[in-house]
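Chemist: starting from these lines, generate the structure:
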Amino acid sequence: MAAVAATGRADIVAVAEPDDASAAEALALAPGARRVDGLDALLAAGVDGVVIATPSAAHAAQSIAALDAGCAVFCQKPLGRTAAEVAAVVAAAERADRLLSVDLSYRHTAGMRAIRDLLAQDALGRVFGVDLLFHNAWGPDKPWFYDPALSGGGCVIDLGVHLVDLALWALDWPEVTGVHSRLLAKGAPLADPDAQVEDYAIATLDLAGGAVVRLGCSWGLQAGRQAVIAAEFFGTEGGASLRNVDGSFHDLIAARHRHIHEEPLSSLPDDWGGRAIVDWLGTLCDAPRFDPQARRLVDVARVLDRIYGRA
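Modeler: Sure, this is the predicted structure:
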């Protein structure tokens, strides 16, 4: 909300927030807004766009309701708990001809944009391997994250969604020809996906053309730091990596690799946290109609379904 307010391109007119302290914080950022009770009241305020930051189980239905009402939507990830839910939202956006975007914010780091530019120029040669990591030493602090009916899964749908999106987006959406995964909870194989969620996961994605993506993510891992975040791309003519600094969730830098040598692609500070929503806002102001790139959200969700064994 602070990022949106800072652009000066939007009037924040209404906030629906059940928690009093959070509502007060939001209204301090948007003093011209009024507090309303729920999504229906937001839509009744005649808004052009809605930002959805509710628990995951509500995302699809709320997004569809907003799109059906003629509003553009910016939703927190995941857009849906399953690929079927995500596809239903994308279909609603296309039917309503309204802009739909999801807060896949790591795309908007300076480092990942630099890496994607290298890949688009074939500067790394033929990319044959990608290693992706996102380990959170703590894990979520809300009980609903641990209920698969409300969350859709554990660390994969919470953190892995960023990793899968980054790899496919950076490589210009290759077909995923195979998926192999192992999901664990408290150090043991996930026994009942309907009753528990995974807190450690590894997966291998086989891509058309022969490249292999290795993914690892977790909650509560005793990693010796707050977080381990990395996206590393290996090609026949070089490599590139995005990595977090000193266990930070926010300080991320990229580098290009030539054998044992490394050269920076980005530097700190890099205030990327609000760029995804600002990008959505700019598009909303200039071209609010359906963006076909939203269909890629379904591609990512289908990979997650395969990691979970739901496909």
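
Chemist: in the stretch 101-250 of the chain, where is pLDDT below threshold?
Modeler: Within the stretch 101-250 of the chain, no range satisfies pLDDT under 70.

Chemist: would you map the strands across it?
Modeler: 127-136, 176-185, 188-189, 200-207, 212-219, 227-235, 238-244 (DSSP state E, counting those that start in this stretch).

Chemist: mind giving me a markdown table with the ones you listed and columns for distance to residue 264 and mean neighbour count?
Modeler: Any C-beta I mention is one placed from the backbone N, CA and C, and that applies to glycine too. As requested, the strands of the stretch 101-250 of the chain are arranged in a markdown table below (distance: least, C-beta to C-beta, whole Å; neighbours: other C-beta atoms under 10 Å):
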| stretch | distance to residue 264 | mean neighbour count |
| --- | --- | --- |
| strand 127-136 | 19 | 21 |
| strand 176-185 | 31 | 16 |
| strand 188-189 | 41 | 8 |
| strand 200-207 | 28 | 20 |
| strand 212-219 | 24 | 22 |
| strand 227-235 | 15 | 21 |
| strand 238-244 | 11 | 21 |
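
Chemist: got a markdown table for those, with distance to residue 167 too?
Modeler: Rendered in a markdown table, the data for these read as follows (distance: least, C-beta to C-beta, whole Å):
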| stretch | distance to residue 167 |
| --- | --- |
| strand 127-136 | 5 |
| strand 176-185 | 10 |
| strand 188-189 | 25 |
| strand 200-207 | 7 |
| strand 212-219 | 5 |
| strand 227-235 | 7 |
| strand 238-244 | 11 |
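
Chemist: nearest to residue 111, out of the ones you listed?
Modeler: Nearest to residue 111 among the strands of the stretch 101-250 of the chain is strand 238-244; the distance by C-beta to C-beta comes to 4.5 Å.

Chemist: just to revisit the earlier point, of all the strands of the stretch 101-250 of the chain, which one is nearest residue 254?
Modeler: Relative to residue 254, the nearest member of the strands of the stretch 101-250 of the chain by C-beta to C-beta is strand 238-244, separated by 4.8 Å.

Chemist: next secondary structure after that closest one?
Modeler: Elements were assigned by DSSP states H and E; along the chain past strand 238-244, the next helix or strand is strand 252-258.

Chemist: can you tell me the average pLDDT over the next helix or strand after that following strand?
Modeler: Tracing the chain C-terminally past strand 252-258 and defining elements by DSSP H and E, one meets strand 261-264 next. Model confidence over strand 261-264 averages 97 on the pLDDT scale.

Chemist: before we move on, what about stretch 81-90?
Modeler: Stretch 81-90 shows an average pLDDT of 98 in the prediction.

Chemist: contact partners of it?
Modeler: If you take C-beta atoms under 8 Å, 6 or more residues apart in numbering as the criterion, stretch 81-90 is touched by 56-57, 59-60, 63-64, 67, 73, 75, 78-80, 100, 151-153, 157, 294-295, 297-298, 300-302, 304-305, 310-311.

Chemist: quick one: distance of it to the chain centre.
Modeler: Stretch 81-90 has its C-alpha centroid displaced from the chain centroid by 15 Å (C-alpha atoms, centre = their mean, to the nearest Å).

Chemist: buried residues, that stretch. List them.
Modeler: In terms of neighbour count (16 or more other C-beta atoms under 10 Å), stretch 81-90 has its buried residues at 81, 82, 83, 85, 86, 87, 88, 89, 90.

Chemist: also stretch 246-264?
Modeler: Buried residues in stretch 246-264 (16+ other C-beta under 10 Å): 252, 253, 254, 255, 256, 257.
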